[in-house]
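Visitor: following is a predicted model, sequence given first.
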Amino acid sequence: MTDEWRGWQEAAETALYGDGGFYRSPEGPAGHFRTSVHASPLFAAAVARLLAGTARELGTDRIDLVDLGAGRGELLTGVLAALPGNAPAGLVVRAYAVEIAARPPGLDPRIEWCAEPPQGVRGLLFANEWLDNVPTPVAETDADGVDRYVLVRTTDGTERLGAPVTGADAEWLRRWWPSAGRGSRAEIGRPRDEAWARVVATLSEGLAVAVDYAHVREARPPFGTLTGFRAGREVRPVPDGSCDLTSHVALDACAAAGAGGGMEPEVVDQREALRGLGVSGERPSLALASTDPAAYVRALASAGEAAELTARGGLGDFGWLMQRVGASLSSPSGV
């Protein structure tokens, strides 16, 4: 890193994915923040049921599963472990982990490790908290009402305003995130739209799902959401490679960008998505405590984990963007 001013997109790209970048660290994302994958094995089991539902819709017993931004393979490991109880016997799954970091030692040999999404996938492509780490330019409206790029000093995160936003970025702001007035900020989501459209295009037939904290045009945050995370704590975003750099996703814009790859996409919150996949926070009957105390304790623990995954103000507020590709997927896959 050098003491220089860059736009946020370039600075974050280097800080996250460059040599020595945050996502190349040995501990992986799990060493710094907790996602739904790490919160409970119920999440992986739900994805296993979604995979099985996709296979049924495709009419196949051989299906691809692609995990974008796979971390250290936690989700795929959990899905493969959950398949016996959540999918038909004999379902053959080819699992791909897409991640820039090196393959971790001891990973299930059934998981193929790759730096880019495979082409011609027939099955389920799942991107859990991936789009929020696709770096974007940041814009701020100056005193004259002009949207300008925000520049950042890579060594300490100090910011200043740069050139006016023009071209495709300006058009994106006009369409998806109009200025809320002087001092307001926006993360220009065009790189995410393009990234999502590219990965949807890797599907020959199947379902693409992006799961992220999100907002829509009618309720954009006036000062943006760019922040950092390190060792489980939210920190000031500094693009020096020492912390995660993330911002919420304009999933409505991504949905529009990916729509050309198949049928009309849908966006639901995680509460609705997981409940449709059998994850419920309902407490077990007290009668079970009398007849089978051990089963009651297990069911109570499961209900607690499910409640965390679907909680308002927490993981339940994540948006699920679902894009179907191919004539066989004309109805929801159990969601």
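Guide: It's in. Just so we're clear, the structure is a prediction, and the values are computed from it rather than from any experiment. Numbers count the residues shown, from 1 in each chain.
Visitor: excluding sequence neighbours, find me the nearest residue to residue 11.
Guide: Leaving aside its sequence neighbours, residue 11 sits nearest to residue 239 (C-beta to C-beta, 6 or more residues apart in numbering; 3.9 Å). In this view, the C-beta of every residue, glycine as well, is placed from N, C-alpha and C.
Visitor: my assumption is that that neighbour lies in a strand; please confirm.
Guide: No - assigned with DSSP: H, G, I helix; E, B strand; the rest coil, residue 239 falls outside any strand and is coil.
Visitor: please give me every residue in contact with it.
Guide: For residue 239, the contact set (C-beta atoms under 8 Å, 6 or more residues apart in numbering) comprises 1, 6, 8, 11-12, 14-15, 152, 154, 157, 245.
Visitor: which ones among those are found in strands?
Guide: 6, 152, 245 (DSSP state E).
Visitor: got the contacts of residue 239 as JSON lines, with distance to residue 47, pLDDT and neighbour count columns?
Guide: Output for those, formatted as JSON lines (distance: C-beta to C-beta, whole Å; pLDDT from 0 to 100; neighbours: other C-beta atoms under 10 Å):
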{"residue": "1", "distance to residue 47": "36", "pLDDT": "45", "neighbour count": "16"}
{"residue": "6", "distance to residue 47": "36", "pLDDT": "96", "neighbour count": "19"}
{"residue": "8", "distance to residue 47": "32", "pLDDT": "98", "neighbour count": "26"}
{"residue": "11", "distance to residue 47": "33", "pLDDT": "97", "neighbour count": "25"}
{"residue": "12", "distance to residue 47": "28", "pLDDT": "97", "neighbour count": "29"}
{"residue": "14", "distance to residue 47": "32", "pLDDT": "95", "neighbour count": "19"}
{"residue": "15", "distance to residue 47": "29", "pLDDT": "95", "neighbour count": "28"}
{"residue": "152", "distance to residue 47": "36", "pLDDT": "98", "neighbour count": "25"}
{"residue": "154", "distance to residue 47": "36", "pLDDT": "93", "neighbour count": "21"}
{"residue": "157", "distance to residue 47": "35", "pLDDT": "96", "neighbour count": "17"}
{"residue": "245", "distance to residue 47": "26", "pLDDT": "96", "neighbour count": "23"}
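Visitor: can you put the residues you listed in TSV and add distance to residue 169?
Guide: What follows is those, written out as TSV (distance: C-beta to C-beta, whole Å):
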residue	distance to residue 169
1	25
6	15
8	12
11	16
12	15
14	19
15	20
152	16
154	21
157	22
245	19
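Visitor: which of the residues you listed fall in helices?
Guide: 8, 11-12, 14-15 (DSSP state H).
Visitor: how about the residues you listed, which pair is most distant?
Guide: Among the ones in helices among the contacts of residue 239, the pair separated by the greatest distance (C-beta to C-beta) is 8 and 14, at 11.0 Å.
Visitor: list just the nearest of the ones in strands among the contacts of residue 239 to residue 122.
Guide: Out of these, the member with the shortest distance to residue 122 (by C-beta to C-beta) is residue 245, at 33.8 Å.
Visitor: wait, doesn't that closest one sit right on residue 136?
Guide: No - with contact defined as C-beta atoms under 8 Å, residue 245 does not reach residue 136; the gap is 10.1 Å.
Visitor: between these two, which contacts overlap?
Guide: The contact lists of residue 245 and residue 136 share residue 12, where a contact means C-beta under 8 Å, 6+ apart.
Visitor: which residues of the stretch 1-150 of the chain fall in helices?
Guide: 8-17, 36-39, 41-58, 74-86 (DSSP state H, counting those that start in this stretch).
Visitor: sorry, slip of the keys, the one I care about is the stretch 201-335 of the chain.
Guide: Going by DSSP H, counting those that start in this stretch, the stretch 201-335 of the chain shows helices at 251-258, 270-276, 286-291, 293-309.
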